[in-house]
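1. when you get a sec, could you give me coordinates for this:
(one chain, ligands or ions: 2)
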Amino acid sequence: MLENAQRILKDVFGYDKFRGRQGAIIERVAAGGDALVLMPTGGGKSLCFQVPALLRQGLAVVVSPLIALMDDQVATLDELGVAAVALNSTLSADEQRLIAERIRRGEIKLLYVAPERLVQPRMLAFLQNLEIALFAIDEAHCVSQWGHDFRPEYLQLGQLAELFPGVPRIALTATADMRTREEIVQRLHLENAERFLSSFDRPNIFYRILPKDQPRKQLLAFLAQRKGDAGIVYCMSRKKVEEVAAYLSEQGFPALPYHAGLPNELRAFNQKRFLNEEGLIMVATIAFGMGIDKPNVRFVAHLDLPKSLEAYYQETGRAGRDGLPAEAWMAYGLQDVIFLKQMLSNSEGDERHKRLEQHKLDAMLALCEQVTCRRQALLAYFDEQMPEPCGHCDICVDGVQTWDATEPARQALSAIYRSGQRYGVGHLVDILLGRDNDKVRSLGHQHLSVFGVGKALGEAEWRTLFRQLVARGLVDVDIEGFGGLRLNDGCRPLLRGEVGLELRRDPKPQSSSKGGASSASQLVRGEERQQWEALRTLRRKLAEEHGVPPYVIFPDSTLLEMLRSQPTSLSEMARVSGVGARKLERYGEAFLAVLAGGESAPAPVADLRHELVSLARAGMTPSQIASQLACTEKNVYALLAEAISRQQLSLEQALDLPEDLLGEIQDAFLDGDAELPPASSIAELFAGRVEEGVLHCVRAALAAEFDG
Ligand code: ADP
Ligand code: ZN
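-> Ligands and ions are numbered 1, 2, ... in the order given. All right, here's what the predicted structure looks like:
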């Protein structure tokens, strides 16, 4: 069994070995057993059901909560030559009927479907008449009412156990906590599932958290080292999202806003651009997240503090899915702490729930004020012990300085107490520094015994100290919303002199620039750059032709490996990780040509194109051209389409299509709205009648007509 699985891994997906527990999971499911898979983002969950789907007889049904996720996976499988379709609400009745027919004929291996659709009685009845290979329930944490991704439709998936006895079910999630895990087992009736728990460490992510001090400038400094990289900047409010996106654009960083308040079309448009284009920055609220499968997000930056480590882990986890270096960056300050604490106190809900949320926030704050390895602390929160400091976070790399803050902390607490426990940090600092201003005078605070006792520290140091007192829970923030500070019972031992207090010093701004070479473009050395860009250009072109995001053609990691291993033949190319049989056939030649082109422009490809145009003009059919040029027909069609869109060939020169068939194809393209749909979207309609490549050519001709 495992041998067959290995073969599929190499032939179809182009990978040499299984990662982590993939092999064991696949063996379990392929043999008909249930499985619960907990694996971090980027760990490779998809293969855990895709390989068994190919090993077993019948149709594999994959439940996925979002259309975007489904489309992405179907496009990826399509590129690998695996027959997969997604059933979703955007399909017409006709299209759905066609899909159903293809499924009945056994032409489809994987069916992606939303949970609410799967549990419709008609759908279930349809499936019960078929041989089902397995059910995969992706993003299984959506069944948990505690998580913020709860989807009631998921609750109904429990019935699959009863309706399809003997069909293996595999549930997958990147959500780590114990409670969610138990809920999944219970609600999906996975009592017999073997549990596969992976480490939740994301070793390729570099973690950095720094105190806020002109956050936009800090962000710019961070981005300046990452020009051309794709990333996400999270902000708390919609207003701030818009402001920051506009600011970044002004500063020359291509940024788009995303939040729930934008019109649906604009949101969808921005998301699509983020996925399809390279080097865009998405400035977003947490509304942007689940379903973002883009593997080459190089950084996630937080301009506001998330409200729990669960949220922080999940949001930062969207960086570096492809396993290449990535960075999680956050700037946080006293205002964040005050704001979140106030939100919590003012929130609805019972006391128990509030206390839980309070604990979560405290854990988040503790991570910010951490004086030892951040990764160790983060993993420890998810019950995972890491024996050594990671060496790959700001604290491990830059170190931290601590200082004995016992005396100043007492002075600060005393200032809060003596001024009546109702003033904010600004006023308290004025008192400690002995500033003789109107507010101090009008309140008579110049007579307090603490007035002016704190001149040994500067304003910034006092603010840092107050922030840390709040973060550590020694001081509370008022709930009325004016930011007044009160003593918490937790500070009594310190006030009574029973304990001391060590605090971390804020790092100097300039010390925070070293760290991981987290930018993929930083990984490419000077002399490689030209070829790297040439490979990316070819990838982008192929992606446009196929109507898919570039990473669906090849991920960055595969391009990097091509660059480093410099294959010179198809058989060498086949050894590159991520090049399976189908992609080798489709794209091998073209990428080899770019590599052979060396420093200069990809000349062989240009020659090939030139020759192809001549042959087509001479009246050769695509299959004749393919054998003449020793490449696949697929490639020939792709190149023909390209020549048509560059208006070097007319459609009539390229293809010999019957008039009425041509009309039918054109109608299919023009049927929808203003935009031309991708060829793949109408391929269904002409399956078995014409090559998909023909559709690409017709589309190219239509597009050229519109542009011209
Ligand atoms: P997840 O769903 O767990 O976030 P994916 O299934 O999207 O992760 O996989 C993340 C990336 O890792 C994908 O680009 C995938 O092709 C790649 N990958 C998965 N398994 C392997 C493997 N065994 N070898 C190499 N790359 C792999
Ligand atoms: Zn570390």
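2. all contacts plus neighbour counts: C-alpha atoms, from now on.
-> OK.
3. and the helix or strand where residue 640 lies, what does it pack against?
-> Under the assignment given by DSSP states H and E, the secondary-structure element containing residue 640 is helix 633-645. Using 3 or more Cα pairs under 8 Å, 6 or more residues apart in numbering; DSSP states H and E as the contact definition, the elements that helix 633-645 packs against are helix 529-546, helix 581-596, helix 603-617, helix 622-629, helix 651-654, helix 692-707.
4. 6 Å instead?
-> helix 692-707 (3 or more Cα pairs under 6 Å, 6 or more residues apart in numbering; DSSP states H and E).
5. look up the pLDDT of residue 68 for me, please.
-> At residue 68 the predicted local confidence, pLDDT, stands at 78.
6. that older thread, pull the CA atoms of the helix holding residue 640 into PDB?
-> Output for helix 633-645, consisting of C-alpha atoms alone and laid out as PDB, is shown next (Å, rounded to 0.1, in the frame of the first residue of the first chain):
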ATOM      1  CA  GLU A 633      -0.100  19.300 -28.100                       C
ATOM      2  CA  LYS A 634      -1.000  21.100 -24.900                       C
ATOM      3  CA  ASN A 635       2.100  23.200 -25.200                       C
ATOM      4  CA  VAL A 636       1.400  23.900 -28.900                       C
ATOM      5  CA  TYR A 637      -2.100  25.100 -28.000                       C
ATOM      6  CA  ALA A 638      -0.700  27.300 -25.200                       C
ATOM      7  CA  LEU A 639       1.800  28.800 -27.600                       C
ATOM      8  CA  LEU A 640      -0.800  29.300 -30.300                       C
ATOM      9  CA  ALA A 641      -3.100  31.100 -27.900                       C
ATOM     10  CA  GLU A 642      -0.200  33.300 -26.900                       C
ATOM     11  CA  ALA A 643       0.600  34.100 -30.600                       C
ATOM     12  CA  ILE A 644      -3.000  34.900 -31.200                       C
ATOM     13  CA  SER A 645      -3.200  37.300 -28.200                       C
END
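7. roughly how far does the closest residue in space to residue 410 that isn't next to it in sequence sit from residue 16?
-> Nearest-residue entry for residue 410: residue 495, 5.9 Å, with adjacent residues in sequence omitted and distances by Cα to Cα, 6 or more residues apart in numbering. When distance is defined by Cα to Cα, to the nearest Å, residue 495 is 62 Å away from residue 16.
8. how long is stretch 364-383 end to end?
-> 15 Å.
9. please see if that stretch touches ligand 2.
-> Yes. Contact check for stretch 364-383 against ligand 2, using Cα under 5 Å from the ion: residues in range are residue 373.
10. buried residues in that stretch?
-> Residues of stretch 364-383 classed as buried by neighbour count (16 or more other Cα atoms under 10 Å): 364-379, 381-382.
11. same question for stretch 96-103.
-> Of the residues in stretch 96-103, 96, 99, 103 count as buried by neighbour count, 16+ other Cα under 10 Å.
12. which parts of the chain belong to which domain?
-> The record's domain split for the chain, according to automatic domain parsing, is 2-197, 205-333+364-398, 403-501, 520-603, 609-707.
13. what about the longest one, start to end distance?
-> The distance separating the two terminal residues of domain 2-197, taken as Cα to Cα, comes to 20 Å.
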